[in-house]
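**Student:** need a 3D model of the sequence below.
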Amino acid sequence: MISVASYAHFIRTQQLDNVVNEQVDLYCAENILFIKNLCETDKEKAKAYLKERLDHFLQALENEKAAEYFEERLQLFRNNAIPDVSVAMLNLEDVLLMASLQKRVLLKYMTSFSSDVKICSNIQLELDAVYHHLQKLFFQVFKQIHDDRNTQVAESEERYRDLFDNAHDLIHIVKPDGSLIYVNKAWSNTLGYDVDEIKGMSIYSFIHPEDKQRFFDYRVAILSKQLEDKEIVVRLKSKTGKEIVVEGFASVFFKNGVAEYTRGIFRDITNRVRNESSLKQINDQLLEREENLKQLIYYAPDAIIVIDAESKILLWNSKAQEIFGWGESEVMGKNISNIIIPQQYRDAHDAGMKRYLATGEAHVLNKTIEITALNKEEKEFYISLTISNYKRGGENVFISFLRDISEEKRNQLELDRKKKELDQSHKELEQYGWLTSHDLREPLRKILTYSDMILTRNENLPVDVKTNLYKIHDAGKRMSSLIQSILLYSSLTGEKDMFLKTDLNKIIEEVLVDLELSIKENHATIEKSELPVIDAIPFQMRQLFQNLLSNSIKYQKTDIVPVISINAVTRNNIVEIVLEDNGIGFNSQDNSKAFQLFQRLHADRKTEGTGIGLAICKKIVVGHGGTITAQSEPNKGARFIIQLPIQQVY
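**Tutor:** Just a heads-up that it's a prediction; the model follows:
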C-alpha cells in the first residue's frame, strides 16, 4: 500500500526546490525572525539551509524513522549543539508555526502525487500523526528548556545573592524615595544593625546630618540621569553612634523608562581616612620641624657647614658667613679645602676623607678638636671643630659645627703664662720661706740655748735681770712655734696622687691618742658619731681635727668641764661634719676673721698660740674642695661646720 514514505520520496526527488522556495516565502510572510534575518543576510544561504533540513526530514520519513530524527534534532537544539542555531533564536510559537507551514506546503503537492482520494487521505493522516508527534516533542523539549532556564536563573540568583551577601563592600538597593529594599551582611555588620531592623528604613536615616543634603542631591542627579559613575565620599552613623566614612557610587535601574531602584556599592574607608589624617598631621609636623631646623641651622650661634663626599659645600649658614667672611652664594658647590682649610692641613683632610669613604675608619668624627682655619682675608685663626656624618639618599654627608675661639685661645695662652709665672712665684716664695725660716731658726735656737744656760747656771742673778731673761726665753719659744707653724702652712698642698680612701673614724682615734694627756688634764669629754670614708690626704685630716680639738680644749671655761661633740650627716656626695664645744666662744662678728693668718680672737687671754691654727684648717679644707665656717657667741661655745666631698672629682 502506498504510504507517506513513498510520498516523501516523491517530494524529495521531484519537488524539493519548489517546496523549499514556498517554505521560505511563507516563513518570511509570517515574520519568523530566525528565517527572515537569515534571508535578509543571504537568501540563497537560507534556502540551502532549509533544503538540507527538509531533505534529511524526508529521508527519515522514507526510512520510517521520523520520530527518532525529530528526537535527535530537538535534543541537539536543547543542548545548543546545532551550528548557527541557538535556543535563544527560537521560541515554541515560532517552531510550531514553522512545522504547520511546512506540513501545509507538503500537502499542497498531494494531487501531483496521486489522484486517489483514499491514498491522499491516508498520506494526510500519516503526516498529521507525524506532525502531532513532533508537536508533542516540541512541547516536551521547550518545557525542558524552560525548566533548565528557571534552574539556571535560580542558581544565578543564588550565586549573586551569595556574592553580594558575603562581599566586603557595603551593598544596598534603595527605592527612588529612599526606602531600603536590600542590604548585604557587610552593610548591616558595619553599622551594627540586623538585616530585619534595616528593611523599610530610609537610607537617609543612616547618613551623617552634615552629609545628608549632599547625598540627597547626589541620588537626585543619579535618578535623573544627570550623573553617572561618579564616586561620592559620605559619612554613615552606626547603631552605637560611631562615624563610618564610606566611598563608592550609586547607579539606577530603569524598567520601561521608569527608575525602579538605585544600587549602591560603598567601601569602608574610615581607617584609610584616619591614617591619611594622621599622615597629613605627621607630614605637617615634619615640615614644621624641617622649617624650624632650617631656622635653627641658619641662625645658630655656631657656624654650620655641610659638605658632600667630594668636599663640596652644600650648606653655609649666616654664622659661617660672619666668621669666615664668605657669602653663601660665593661658596656653594665649591671645595671646602680652597675656602677655609689652611694649606698645611689640606693633604690631611683629603687623605682622611678618602680613608673614611674606603674603610669607614675615622679619626676626628664626633670629636671636638681645636685647629686653625682661614677667613676670606686668608688670616689664620683658632676654631673649635666638631664633625658628624649621616646618610642622605644613600650618600655620605658631613656636617661641621665650628666656633671662633681665637679670643678664648689668646686668653687661655695668657692664663697659662700667668699660671706658670704664679707657680714659679709660689715655688720661689716657698723656697724663700723655707730658707728664711731655716735662717731664723738657727739664731733663735742659740738665743734659747744661751738664755737657758744663763738662767740655769747663774742662780745669783739680780731679779730684774732674771725676769728679763725669762721674757727673752718665752719670746724665743713663741717665735720658734710661730716659725714651725709657718713652715707647716706653706707645706700644705693638694696633689691628686696624695688622696687616699681615708676612714675619718680612724683619724679621730689617732688624734685622740695624740691629745690623750691634754684631754686627761682638762677632764674633757669627746662625743663622736659615725664618720664616713672619704677621698682625702690622711696626715692633713689629722692636722685638721687636731687643730680644732686642741682649740676647743684650750679655750675652755674655767668652771665647766669641756664637752666636745663631733657629728656627721651625708647628703649626695657631701659629708657635713659639725664640731661643737661648750667653751668661751667669741664674738659673732669675728666669725669670718677666725680663719685668717695670725688672728688671735682672745689676745688678752694667757693662752699659748700663734693665730695660725684655724688658717691651717681652712687651707686643708679648701685644698680638699670643701668649706669651713664658724658660728659662735661669747660664753656660748663655738661651732665649726666642715663640708667635704666624699669622692674627689678630678
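
**Student:** what about the closest residue to Asn505 other than its chain neighbours, distance to Val578?
**Tutor:** Spatial nearest neighbour of Asn505, chain neighbours left out: Leu531 (5.0 Å); criterion: Cβ to Cβ, 6 or more residues apart in numbering. From N, CA and C alone the C-beta is placed, and that goes for glycine too. If you measure Leu531 against Val578 using Cβ to Cβ, to the nearest Å, the figure is 11 Å.

**Student:** hey, what's in contact with both of the two?
**Tutor:** 566, 568 (Cβ atoms under 8 Å, 6 or more residues apart in numbering).

**Student:** which one of these two has more residues nearby?
**Tutor:** Taking neighbours as other Cβ atoms under 10 Å, Leu531 and Val578 compare with Leu531 leading, 20 against 16.

**Student:** that one is in contact with Glu576, isn't it?
**Tutor:** No. Between Leu531 and Glu576 there is no contact, the gap being 11.1 Å when judged by Cβ atoms under 8 Å.

**Student:** anything in contact with each of those two?
**Tutor:** Here Leu531 and Glu576 have Ala568 as joint contacts, going by Cβ under 8 Å, 6+ apart.

**Student:** so which residues of the stretch 51-200 of the chain form strands?
**Tutor:** Assigned by DSSP state E, counting those that start in this stretch, the stretch 51-200 of the chain shows strands spanning 170-174, 180-183.

**Student:** what's near enough to touch the residue lying closest to Phe57 once chain neighbours are set aside?
**Tutor:** Take Phe57 and drop its neighbours on the chain: the residue closest to it by Cβ to Cβ, 6+ apart is Tyr69, 6.7 Å away. Residues in contact with Tyr69, defined by Cβ under 8 Å, 6+ apart, are 56-57, 60.

**Student:** about what we covered before: let me have the strands of the stretch 51-200 of the chain in a markdown table, extended by distance to Gly325.
**Tutor:** Below are the strands of the stretch 51-200 of the chain laid out as a markdown table (distance: least, Cβ to Cβ, whole Å):
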| stretch | distance to Gly325 |
| --- | --- |
| strand 170-174 | 68 |
| strand 180-183 | 75 |
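
**Student:** give me the neighbour count for Gln124.
**Tutor:** Neighbour count for Gln124, taken as other Cβ under 10 Å: 16.

**Student:** what's the neighbour count on the closest residue to it other than its chain neighbours?
**Tutor:** Among residues not flanking Gln124 along the chain, Leu107 sits closest, at 6.3 Å (Cβ to Cβ, 6+ apart). Neighbour count for Leu107, taken as other Cβ under 10 Å: 15.

**Student:** now the closest residue to Lys409 other than its chain neighbours: how far from Ile336?
**Tutor:** Computed as Cβ to Cβ, 6+ apart, the closest residue to Lys409 that is not its neighbour in sequence is Tyr382, at 4.2 Å. Distance of Tyr382 to Ile336, given as Cβ to Cβ: 18 Å.

**Student:** how about the residue nearest to Asn505, secondary structure?
**Tutor:** Three-state call for Leu531 (DSSP: H, G, I helix; E, B strand; the rest coil): coil.

**Student:** can you read off the pLDDT for it?
**Tutor:** pLDDT recorded at Leu531 is 94.

**Student:** Lys334 now?
**Tutor:** Model confidence at Lys334, expressed as pLDDT, equals 88.

**Student:** which residues touch it?
**Tutor:** Lys334 touches 312-313, counting by Cβ under 8 Å, 6+ apart.

**Student:** what of the one 3 residues further on?
**Tutor:** Counting by Cβ under 8 Å, 6+ apart, Ser337 touches 311, 346, 349-350.

**Student:** how about these, which pair is most distant?
**Tutor:** Distance extremes for the contacts of Ser337: the farthest pair is Ser311 and Arg346 at 9.9 Å, using Cβ to Cβ.

**Student:** quick one: which of these two has more around it?
**Tutor:** Ser311 (18 against 15).

**Student:** surely that one touches Ala351?
**Tutor:** No. With contact defined as Cβ under 8 Å, Ser311 and Ala351 do not form a contacting pair (12.0 Å).

**Student:** what's the overlap in contacts for the two?
**Tutor:** With Cβ under 8 Å, 6+ apart, Ser311 and Ala351 have no common neighbours.

**Student:** can you get me a residue count around Ile222?
**Tutor:** That count, for Ile222 with other Cβ under 10 Å as the rule, works out to 23.

**Student:** three-state assignment of it?
**Tutor:** Secondary structure of Ile222, reduced to three states by three-state DSSP: helix.

**Student:** ok, it - contacts?
**Tutor:** 228, 250-252, 262.

**Student:** among these, which one has the most neighbours?
**Tutor:** Among these, Ala250 has the most neighbours (other Cβ under 10 Å), with 24 neighbours.

**Student:** ramachandran angles for the nearest residue to that residue once chain neighbours are set aside?
**Tutor:** Nearest non-adjacent residue to Ala250, counting by Cβ to Cβ, 6+ apart: Gly264, 4.3 Å away. Dihedral pair for Gly264: phi -120, psi 130, per degrees, to the nearest 10.

**Student:** beta-bridge partners for Gly264, please?
**Tutor:** His172, Ala250 (DSSP bridges).

**Student:** I figured it was touching Val252, is that so?
**Tutor:** No. Counting by Cβ under 8 Å, Gly264 does not reach Val252; the two are 10.4 Å apart.

**Student:** what pLDDT does the model give the residue nearest to Gln124?
**Tutor:** According to the model, Leu107 scores 83 on pLDDT.

**Student:** so what's Glu322 up against?
**Tutor:** Ala303.

**Student:** and what about it, helix, strand or coil?
**Tutor:** Per three-state DSSP, Glu322 ends up helix.

**Student:** try Glu310
**Tutor:** Going by three-state DSSP, the secondary structure assigned to Glu310 is coil.

**Student:** please report how far it lies from Met353.
**Tutor:** Going from Glu310 to Met353 by Cβ to Cβ gives 9 Å.

**Student:** same check on Asn275?
**Tutor:** From Asn275 to Met353 the distance is 43 Å (Cβ to Cβ).

**Student:** mean pLDDT for the strands of the stretch 51-200 of the chain - can I get that in JSON lines?
**Tutor:** JSON lines is the format used below for the strands of the stretch 51-200 of the chain (pLDDT from 0 to 100):
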{"stretch": "strand 170-174", "mean pLDDT": "86"}
{"stretch": "strand 180-183", "mean pLDDT": "86"}
